[in-house]
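> here is my input, please return the structure:
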Amino acid sequence: MKRACFRLVGCIPAVGLGTWGIGGGYWAPDRSRDAEWVDALRYAVERGISLIDTAEMYGGGHAEELVGLAIRGFPREELFLVSKVWPSHARYEDVLKSAERSAARLGTYIDLYLLHWPSDVPICETVRAFEALVDRGLIRFFGVSNFTLDQIKEAEACAKRYELAAVQNRYSLYYRRDEADVVPYALANGIMYMAYTPLEKGALARDRRLAEVGRRYGATATQIALAWYVKRGVVPIPKAEKRAHIDEIAGSLEVELREEDFLELARWSS
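Predicted coordinates for the structure are as follows:
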């Protein structure tokens, strides 16, 4: 499995798996497809996609429960688990309680814990809780999600004993707002940048320009897009529920984009 290396979190799988919609929707659990979802998650880990992103909000915690079931039996040190605390739980004590519940559902500690969205709670209070969680061994690293550069810098300034290790924002070949500031800042400072919605809910899989590049490599449009993110230095977390799609994601790590193709894609947008 190809890995991406960052100053703070070290080396992790270069592509992860998102779980939004697995186990239910917005705070609403759905247990009708549990066996199918657990099978998909286990298969992803077997294929080397051992970075799994989830959140307490996904299915009201049920996504975390499914991840916990799926990872049983795999060496824990080979996994990188990401979860997120909802902004309404951003108060110090609430962060601690949310992390405890998430870790209990996962059945293990959390590698990376993120504030899901900016909150009305002073960010320094949330960061103070994150640092306490690191001290307790409940999480290894912390970061933020859906933050602007100014908000990221504010969160960094709050950290006293540890550093902000990651940011997770929406980013794709179609949605490149963060290229102006957040992506360059993260890469320059060794911060892990995670890209959610990297395939734009399937739109990139149907992009003719990506398909054309793919023909040069014997790869699909999806694989070319994912290979582009990896070469860009960001960690995409596409969602997949079927083995065929997981195979396609894993196959993207075998694609080594030539510089001219990387630059060609860097120049266009939707």
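
> show me where the stretch 101-250 of the chain has helices.
Under the criterion DSSP state H, counting those that start in this stretch, the stretch 101-250 of the chain carries helices at the ranges 123-136, 149-158, 182-188, 208-217, 221-232, 243-252.

> go through these and pick out the most buried.
Mean neighbours per residue, mean count of other Cβ atoms under 10 Å, is largest over these for helix 221-232, with a mean of 24. (Each C-beta comes from the backbone N, C-alpha and C, glycine too.)

> packing partners of that one?
Using 3 or more Cβ pairs under 8 Å, 6 or more residues apart in numbering; DSSP states H and E as the contact test, the elements touching helix 221-232 are helix 208-217, strand 235-236, helix 243-252, helix 259-266.

> gap between that helix and the chain center?
15 Å (Cα atoms, centre = their mean, to the nearest Å).

> hmm, who's touching that helix?
2, 4, 14-15, 171-173, 183, 195, 198-199, 204-207, 210-211, 213-214, 217, 219, 235-236, 238, 248-249, 251-253, 255-257, 262, 265-266 (Cβ atoms under 8 Å, 6 or more residues apart in numbering).

> which of these are buried?
For the contacts of helix 221-232, a burial check counting by 16 or more other Cβ atoms under 10 Å picks out 4, 14-15, 171-173, 183, 195, 198-199, 204-205, 207, 210-211, 213-214, 217, 219, 235-236, 238, 248-249, 251-253, 255, 257, 262, 265.

> poorly predicted segments of this protein, please.
Under the criterion pLDDT under 70, the flagged ranges of the chain are 269-270.

> which residue sits farthest out from the middle of it?
Arg216 (28.7 Å; Cα atoms, centre = their mean).

> how many neighbouring residues does the closest residue in space to that one that isn't next to it in sequence have?
Closest residue to Arg216 apart from its sequence neighbours, by Cβ to Cβ, 6 or more residues apart in numbering: Asp261 at 7.0 Å. Neighbour count for Asp261, taken as other Cβ atoms under 10 Å: 19.

> my guess is Asp261 meets Glu212, correct?
No. Using Cβ atoms under 8 Å, Asp261 is not in contact with Glu212; the gap is 10.1 Å.

> roughly how far does Glu256 sit from Ala219?
According to Cβ to Cβ, to the nearest Å, Glu256 stands 10 Å off from Ala219.
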